[in-house]
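[1] Could you work out the structure for the sequence below:
(one chain, ligands or ions: 2)
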Amino acid sequence: MSELPFASTLSTLARLVPAKLLKPRVGIVCGSGLSTLASSLRDVVEVPYNQLEGFGKSTVVGHKSSLAFGLIGPGEGIPVVVMLGRFHPYEGHPLSTVVYPIRVLARLGVKNLIITNASGALNPNLAVGTIVVIQDHLAIPNLTGHLNPVFGPQLSPDYPRFLPLSDAYSVKLRRLAFLAANKLGLAEDALAEGVYAWVSGPTYETPAEGRFLRSAGADVVGMSTVPEVVAAREEGMEVMVLSLVTNAVVIPESYRSIKAEIKAELAGKPIEQAPVQTVSHDEVLAVGKQKAEVMKNLVANIIENVSSD
Ligand SMILES: O=P(O)(O)O[C@H]1O[C@H](CO)[C@@H](O)[C@H]1O
Ligand SMILES: Nc1nc2[nH]cnc2c(=O)[nH]1
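    Residues are numbered from 1 along each chain as shown. Ligands and ions are numbered 1, 2, ... in the order given. Okay, here's the model as predicted:
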């Protein structure tokens, strides 16, 4: 794995990004429809992924394909780097590519990483628009069809072979999220806590899969994030995840029975059926757009407080 092209990527960045921006304190990964998180940055320099060796191309609508460097907050400002677009395994990227930008951020000196994503709610108490501060994840290899970004030869003998993940989600950063919500005067239920289930996608869940994931203890489900968290932990970063609930995963109490319907129809007493609810990526992006401002303010506030530690 030592063939990863860090030297080339880092020298391109050193050539294109002014020195004052090149040592970012915080990294941010933008989820589907959440690229506007970068709009609070000033003195922005954007480097398209296609200029960076080792980076793939983000092909999903709602994801750009560049790294934005800039300053945030009052005074001189805090240097931050924003991934405008991530890579998902379902796009055909190997896991090593999915997490390569995270490893580059680590080599730029990023110690605190804020990952965002769009997710479907499995927990019926989580309304669309809620931001869930992730406290744990569920990524069972057979569910994802993928293994683990730290599977295979180790990138460095300094990294642990058996990476513990019981403390994957930084308590320090999660506390800052709730303090930021309080400072911004967000409603009590605007920010919740929960467990993220990682699935490969790109199909959304069947009702049986939704029920299974809920019964396994997950609150929200999505197709990203977990590989990034694992790689970031291997790189020694503190990580937090803000997951925006963009839709509810429909878990009916019982299945519609065609057998019963035909029987009732033949007996002249047809049963009314509610239409099946489905989710679309357009819906996911629309909620991202609606909540962009709140997410942006939350992230900016967290960054200002991270940087003072
Ligand atoms: O996790 P992000 O990249 O926010 O995107 C989420 O939204 C897409 C599905 O609508 C999937 O890619 C899912 O993972
Ligand atoms: N797997 C999955 N990913 C999502 N991303 C946004 N909504 C969803 C969802 O319902 N399921």
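[2] Give the buried residues for stretch 23-31.
    24-31 (16 or more other CB atoms under 10 Å). Just so you know, the C-beta spots here come from the backbone N, C-alpha and C atoms, and that holds for glycine as well.
[3] of these, closest to ligand 1?
    Nearest to ligand 1 among those is residue 31, at 2.8 Å by CB to the nearest ligand atom.
[4] ok, that closest one - contacts?
    Residue 31 is in contact with 86, 115-118, 224-225, 243-244, 288, counting by CB atoms under 8 Å, 6 or more residues apart in numbering.
[5] Mark which of these are part of strands, please.
    Members of the contacts of residue 31 lying in strands (criterion: DSSP state E): 115-118, 243-244.
[6] now, which of the contacts of residue 31 lie close to ligand 1?
    86, 117-118, 224-225 (CB under 6 Å from any ligand atom).
[7] what about the closest residue to residue 52 other than its chain neighbours, neighbour count?
    Nearest non-adjacent residue to residue 52, counting by CB to CB, 6 or more residues apart in numbering: residue 9, 5.1 Å away. For residue 9, the neighbour count with other CB atoms under 10 Å is 23.
[8] Helix, strand or coil: sort out residue 68 for me.
    strand (DSSP: H, G, I helix; E, B strand; the rest coil).
[9] 12 is where my numbering starts, stick with that
    Will do, 12 is the new start, and the previous item becomes residue 79.
[10] circling back: just give me the closest of the contacts of residue 42 to ligand 2.
    residue 129 (4.3 Å).
[11] Next, count neighbours for residue 201.
    Neighbour count of residue 201, defined by other CB under 10 Å: 16.
[12] With residue 144 instead?
    The tally of other residues near residue 144 (other CB under 10 Å) stands at 21.
[13] do the same with the one 4 residues further on
    Using other CB under 10 Å, the number of residues around residue 148 comes to 20.
[14] Tell me the pLDDT of it.
    For residue 148, the model assigns a pLDDT of 95.
[15] Repeat that for residue 258.
    Value for residue 258, per-residue pLDDT: 97.
[16] Can I get stretch 92-102 in PDB, CA atoms only?
    The C-alpha trace of stretch 92-102 is given here as PDB (Å, rounded to 0.1, in the frame of the first residue of the first chain):
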ATOM      1  CA  VAL A  92     -10.100  22.400   4.300                       C
ATOM      2  CA  VAL A  93     -13.400  21.200   2.900                       C
ATOM      3  CA  MET A  94     -13.900  18.100   0.800                       C
ATOM      4  CA  LEU A  95     -16.500  19.300  -1.700                       C
ATOM      5  CA  GLY A  96     -17.700  15.800  -2.700                       C
ATOM      6  CA  ARG A  97     -16.800  12.400  -1.400                       C
ATOM      7  CA  PHE A  98     -16.300   9.000  -3.000                       C
ATOM      8  CA  HIS A  99     -18.700   6.100  -2.400                       C
ATOM      9  CA  PRO A 100     -17.900   2.500  -3.000                       C
ATOM     10  CA  TYR A 101     -21.100   2.100  -5.100                       C
ATOM     11  CA  GLU A 102     -19.600   4.600  -7.600                       C
END
